[in-house]
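Peer 1: Task: produce atomic coordinates for the following.
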Amino acid sequence: MAFGIPLISLIKQWVQSNNPTSGKELIMSILIFLALAVIFVSLFIIMRLETVITTDGVSVRFFPIHRSFRNYRWEDIATYSVKKYSPLKEFGGWGIRFRIARSAIAYSISGNHGLQLELKKGKRILIGTKKQYEMEQALKKVEQIKNRNQLNIM
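Peer 2: Residues are numbered from 1 along each chain as shown. This is a model prediction of the structure:
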């Protein structure tokens, strides 16, 4: 639908035009439009949100926008929880979203669950997931390993 409106507008403009050379311009405009549409759709196909949870912290990458992971170390994280949220209501949609007033950033592609990190400096990061159960299990496993390591130190 989003691509159809500009295309219909181009064709309508060509039909209403009295200029005989406008046929070449129309074809060129359509080719450029289709090329841009293919690039745009391809970007959405390859876009993915990658989250890695380790004993060092949480890393997130919104590919292809981020080339490398953004790392949040456990010692910089005050609290964390897996929660249900509304991407549209809380952040105005999906993608990389900022809420300056609340010092928050959200990484979301689809779904309505995410890992909420609250950093010691006050910043909040929400990392969306469609795999809520797997994320909770990874966090429990890291918690167990961290607790085991603390017991071995004492």
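Peer 1: Show me what the helix ranked longest in the chain is packed up against.
Peer 2: When the chain is parsed with DSSP state H, its longest helix is helix 22-46. With contacts defined as 3 or more Cβ pairs under 8 Å, 6 or more residues apart in numbering; DSSP states H and E, helix 22-46 has these neighbours: helix 4-16. In this view, the C-beta of every residue, glycine as well, is placed from N, C-alpha and C.
Peer 1: per-residue confidence averaged over the helix it packs on?
Peer 2: Across helix 4-16, the average pLDDT comes to 63.
Peer 1: After the longest helix of the chain, which helix or strand is next?
Peer 2: strand 48-53 (DSSP states H and E).
Peer 1: Pull out the buried residues from that next one.
Peer 2: Buried positions in strand 48-53, judged by neighbour count with 16 or more other Cβ atoms under 10 Å: L49, T51, I53.
Peer 1: Would you mind checking which of those residues is nearest to E75?
Peer 2: Comparing those against E75 with Cβ to Cβ picks out I53 as the nearest, at 15.0 Å.
Peer 1: was I right about that closest one contacting E143?
Peer 2: No. Contact criterion Cβ atoms under 8 Å: I53 and E143 do not qualify, at 10.4 Å.
Peer 1: quick revisit: closest to K123 among the buried residues of strand 48-53?
Peer 2: For these, the closest approach to K123 (Cβ to Cβ) belongs to T51, at 17.3 Å.
Peer 1: was I right about that closest one contacting F62?
Peer 2: No. Contact criterion Cβ under 8 Å: T51 and F62 do not qualify, at 10.0 Å.
Peer 1: re the thing from before, turn the buried residues of strand 48-53 into TSV, columns for pLDDT.
Peer 2: TSV is the format used below for those (pLDDT from 0 to 100):
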residue	pLDDT
L49	90
T51	92
I53	93
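Peer 1: Please consider this matter closed, and thank you.
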